[in-house]
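> Show me the folded form of this:
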Amino acid sequence: MNKSFLSSLIGVSYGSKKVTNKSISLKFPEWDENSITNKIGVKQRFHVLPNEDSVDLSYSSCDDFFSKHVINKNKIDFIIFVTSSPRYVTPSSSQLIHEYLDLNKSCGCVDLNQGCSGYIYGLSFAKALLESNQANNILLITSETYSKYIDENDKGNLTIFGDASTCSLITNEHEKNSWSLSNSYFGSDGKGSDFIKIQNNILKMDGKSVFNFASNTVINDLKTYLDFPYSEYYFLFHQANSFMLNYLRKKMKIPKDKFLIDMENSGNTVSSSIPLVLSKNNPNKMILVGFGVGLSWGFIKLN
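This is a model prediction of the structure:
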């Protein structure tokens, strides 16, 4: 059976418009600049311009990836594109990326709409393709532009969410500073599908219900998943907001120095949040935890 590896060289891109806490507090005077930073853990985030979308951001993250990684594009034989904010209902955005990169016609393409757990699902699907000998080099691309769906008077979601894209390589060839993908875990609860949704092009989120879901269902399943010694592992959770993350860290009794939080300059970027942190932090062993839209959650171990 082929092994699967995630390269630590990850391409990234952000929306063109920087949105600072100061600019938000000027629009909403009751929304204090320092309070935003202390509660949410975000100082700034980036939003796309009206003429930008998730596909445009994915082009930029792919360009960034290929500027860092020396690989023949003809060796790419599958694209998994993770987004819950696509350009079109159909065709799939992965087809547009295929055209942009001018890849072989033998390359498979698929879109995956799984929100904040999408990167975990994407890694696991890529692993399955590699280990079943159906692919050798897979681009896993995330791209989210939730700012397009936030009501201009929704100060809460405006504060939390940022737009970003990432491009990762999952391959059967081991390279320096790469991680091997180990066993994964998935969970779903369709009864919570109303907690985070985009309806009539407007983002709606029940923050309290999402918090309760993360602190109970996700944490309980994570404890079950961790049936091995994990003291040497770092934890990387979906970067929802710093208040929630610190609460979950304390509930899991994870040491602060083993728990990665890096969202102050990007905000909650949905499926892009985990790979954005990976692009700047690469400890040897990690446990990735995704959770959110669906409701869905998933965990995967990197060695």
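
> which regions of this protein lie under the pLDDT threshold?
For the chain, the stretches flagged by pLDDT under 70 are 1.

> how about the strands in it?
5-7, 11-14, 17-20, 44-47, 78-82, 108-112, 137-144, 164-171, 178-188, 196-199, 202-205, 234-237, 286-292, 296-302 (DSSP state E).

> Residues contacting the shortest one, please?
Yep, that's strand 5-7 we're talking about. Residues outside strand 5-7 that contact it (Cβ atoms under 8 Å, 6 or more residues apart in numbering): 69, 123, 168-175, 177-181, 302. Any C-beta I mention is one placed from the backbone N, CA and C, and that applies to glycine too.

> can you pull out the helices in the stretch 1-150 of the chain?
Per DSSP state H, counting those that start in this stretch, the stretch 1-150 of the chain carries helices over the ranges 21-27, 33-40, 54-68, 93-101, 118-131.

> Please apply the same query to the stretch 151-300 of the chain.
155-160, 207-213, 219-225, 242-252, 273-278.

> and of the contacts of strand 5-7, the nearest to Q44?
S168 (24.1 Å; Cβ to Cβ).

> excluding its backbone neighbours, what's nearest that closest one?
Nearest residue to S168 in three dimensions, chain neighbours excluded: L140, at 4.5 Å (Cβ to Cβ, 6 or more residues apart in numbering).

> Was I right to think that neighbour contacts Y121?
No. Judged on Cβ atoms under 8 Å, L140 makes no contact with Y121 at a distance of 9.9 Å.

> hey, what's in contact with both of the two?
Common neighbours of L140 and Y121 (Cβ under 8 Å, 6+ apart) are V82.

> More neighbours: which of the two?
Taking neighbours as other Cβ atoms under 10 Å, L140 and Y121 compare with L140 leading, 26 against 23.

> ok, that one - contacts?
80, 82, 119, 122-123, 126, 167-170.

> Okay, it and I120: tell me how far apart.
11 Å (Cβ to Cβ, to the nearest Å).

> on that earlier part again, reformat the helices of the stretch 1-150 of the chain as TSV; add distance to M286.
What follows is the helices of the stretch 1-150 of the chain, written out as TSV (distance: least, Cβ to Cβ, whole Å):
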stretch	distance to M286
helix 21-27	29
helix 33-40	24
helix 54-68	20
helix 93-101	26
helix 118-131	12
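
> Nearest to Y146, out of those helices?
helix 54-68 (9.7 Å).

> Other residues contacting the closest one?
Contacts of helix 54-68 (Cβ under 8 Å, 6+ apart): 9-15, 48, 73, 81, 83, 85-87, 93, 96-97, 100-101, 139, 141, 143-145, 163-169.

> Give the burial count for N177, as a bare number.
9.

> From S182, how far out is the closest residue to it other than its chain neighbours?
Excluding the flanking residues, the one nearest N177 by Cβ to Cβ, 6+ apart is S8, at 4.3 Å. For S8, the distance to S182 (Cβ to Cβ) stands at 16 Å.

> Of those two, give the one with the bigger neighbour count.
S8 (19 against 14).

> picking up where we left off before, of all the contacts of strand 5-7, which comes closest to S132?
Among the contacts of strand 5-7, and counting by Cβ to Cβ, the member closest to S132 is N172, at 11.1 Å.

> Tell me how many other residues surround the nearest residue to that closest one once chain neighbours are set aside.
Nearest in space to N172, with sequence neighbours left out and distances taken as Cβ to Cβ, 6+ apart, is N2 at 4.4 Å. Neighbour count for N2, taken as other Cβ under 10 Å: 16.

> can I assume S215 is in contact with Y247?
Yes. Between S215 and Y247 there is a contact under Cβ under 8 Å: 6.3 Å.

> quick one on the thing from earlier: next, format the strands of the chain as a markdown table and append distance to K258.
A markdown table is the format used below for the strands of the chain (distance: least, Cβ to Cβ, whole Å):
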| stretch | distance to K258 |
| --- | --- |
| strand 5-7 | 19 |
| strand 11-14 | 24 |
| strand 17-20 | 30 |
| strand 44-47 | 26 |
| strand 78-82 | 26 |
| strand 108-112 | 29 |
| strand 137-144 | 24 |
| strand 164-171 | 23 |
| strand 178-188 | 16 |
| strand 196-199 | 28 |
| strand 202-205 | 29 |
| strand 234-237 | 5 |
| strand 286-292 | 10 |
| strand 296-302 | 14 |
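
> Point out the one among those strands that comes closest to D262.
strand 234-237 (9.1 Å).
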